[in-house]
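J.: based on what follows, work out the 3D shape:
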Amino acid sequence: MTLPATDRKRALLFTNPSSRSGSDRSAEAAVQQLESSGLALTRLSCAKAADISPQVRRHAHMVDLVVIGGGDGTVNAALRGLMETGLPLGILPLGTANDLARTLRIPADPSAAAAVIIGGQMRRIDVGQVNDQFFINVASMGLSVELARRMTGNRKRHLGKLSYPVAALQTLFSAQPFTADVCTQAGTTQLESVQMAVGNGVYYGGGMSVFDRAAIDDQCLDFYSIAPKRFWQWPLLLSAFRRGRNRDLVGMRAFCSSGPLEIRTNLPLAVNTDGEITTTTPARFKLLPRALSVFAPAG
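T.: Next up is the predicted model:
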């Protein structure tokens, strides 16, 4: 789908002032580029993530699309409003990781990303859901929750993308194994793990790959579990995750699920969705196929 060039479109623009690039000159230049193209922008700041989806619903009858200037957490905060209104999403990747933009091959440069929105090409993508929380990239528990707790705003601003590997190394020292029942249509399997994840997209955690053949519109959720490891084994594992070649490693359990999936633990475990801790186990997952329209490069 493309937007007719002759129509003057109205866009609701959210910018996150606390994002790593949310207030720099390149971000403002990209916003001006959108306005120069003919988009009529209604600008809103999003200091509180909880306010974003209500604002999307409130303005739904006045706009034709929503533009998010921020990172994956800001996009996640808008998901419920986008799903309920059916408005398409444009992304200016101004966060630290920008994993959704990487998955969709949206350029990291704000001006080039604005050009993608102006170009009008859209792609329908899947959305995951765990309990009552939507997610785009991944939902996980274990190491990733501790990592999210360490990824403070100050750390992101000072270290940028380097903040992820630094926090990951610190997290490995405090890894706590847990036991979980993983339930699918094929049956129930009990696993001992330090990290479980259910991926919808390709990338998460600043460029880690769930699975090298994953796609965000393949109508499939990709599950993996990492068994407890000795410290010297982690560099090999992290290298494999950078390349998405983790399914053949010793101690890995991984599969693709198009149907519902549930993870149960004796005590509630926190669940991280797209970088934010939002719910707990028992975690009931399902896939919403091609439920969201996003402006993305052709092909």
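J.: could you use CA atoms for every contact and neighbour count after this?
T.: Will do.
J.: how does this protein divide into domains?
T.: Following automatic domain parsing, the chain resolves into domains at 10-120, 133-289.
J.: check those for me and report the most buried one.
T.: domain 10-120 (a mean of 20; mean count of other C-alpha atoms under 10 Å).
J.: what does residue 293 show for phi and psi?
T.: In terms of degrees, to the nearest 10, the main-chain angles of residue 293 are phi -100, psi 130.
J.: contacting residues around stretch 115-126?
T.: With contact meaning C-alpha atoms under 8 Å, 6 or more residues apart in numbering, stretch 115-126 is reached by 1-4, 34, 37, 90-91, 106, 136, 200, 216-219, 287-298.
J.: equivalent analysis for stretch 100-112, please.
T.: For stretch 100-112, contacts defined as C-alpha under 8 Å, 6+ apart pick out 26-27, 29-30, 33, 72, 91-94, 113, 116, 136-137, 201-204, 207, 216, 296-297.
J.: just name the shakiest helix or strand of the chain by mean pLDDT.
T.: The least trusted helix or strand in the chain, going by mean pLDDT, DSSP states H and E, turns out to be helix 153-159, with a mean of 51.
J.: would you state the helices of the protein in chain order?
T.: For the chain, the helices defined by DSSP state H cover 25-36, 52-59, 72-85, 99-104, 110-119, 143-150, 153-159, 163-172, 234-243.
J.: mean pLDDT for the ones you listed: which is lowest?
T.: Confidence, taken as mean pLDDT, is least for helix 153-159 of those (a mean of 51).
J.: any low-confidence regions in the stretch 151-299 of the chain?
T.: Residue ranges of the stretch 151-299 of the chain with pLDDT under 70: 151-175, 229-250, 299.
J.: can you pull out the strands in it?
T.: Per DSSP state E, counting those that start in this stretch, the stretch 151-299 of the chain carries strands over the ranges 178-184, 187-193, 195-199, 203-204, 208-209, 221-226, 252-257, 261-264, 270-273, 276-280, 283-295.
J.: out of those strands, which comes closest to residue 50?
T.: Closest to residue 50 of these, according to C-alpha to C-alpha: strand 276-280, at 11.5 Å.
J.: contact partners of that closest one?
T.: Strand 276-280 has contacts (C-alpha under 8 Å, 6+ apart) with 73, 131, 133, 145, 148, 268-272.
J.: can we see that at 10 Å?
T.: If you take C-alpha atoms under 10 Å, 6 or more residues apart in numbering as the criterion, strand 276-280 is touched by 72-74, 76-77, 130-134, 139-141, 144-146, 148-149, 151, 263-265, 267-273.
J.: strands paired with that strand, and their directions?
T.: If you go by DSSP bridges, strand 276-280 pairs up with strand 270-273 (antiparallel).
J.: let's have the domains of the chain in a markdown table, adding distance to residue 126.
T.: Formatted as a markdown table, the domains of the chain follow (distance: least, C-alpha to C-alpha, whole Å):
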| stretch | distance to residue 126 |
| --- | --- |
| domain 10-120 | 11 |
| domain 133-289 | 5 |
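J.: with adjacent residues omitted, what lies nearest to residue 148?
T.: residue 275 (6.0 Å; C-alpha to C-alpha, 6 or more residues apart in numbering).
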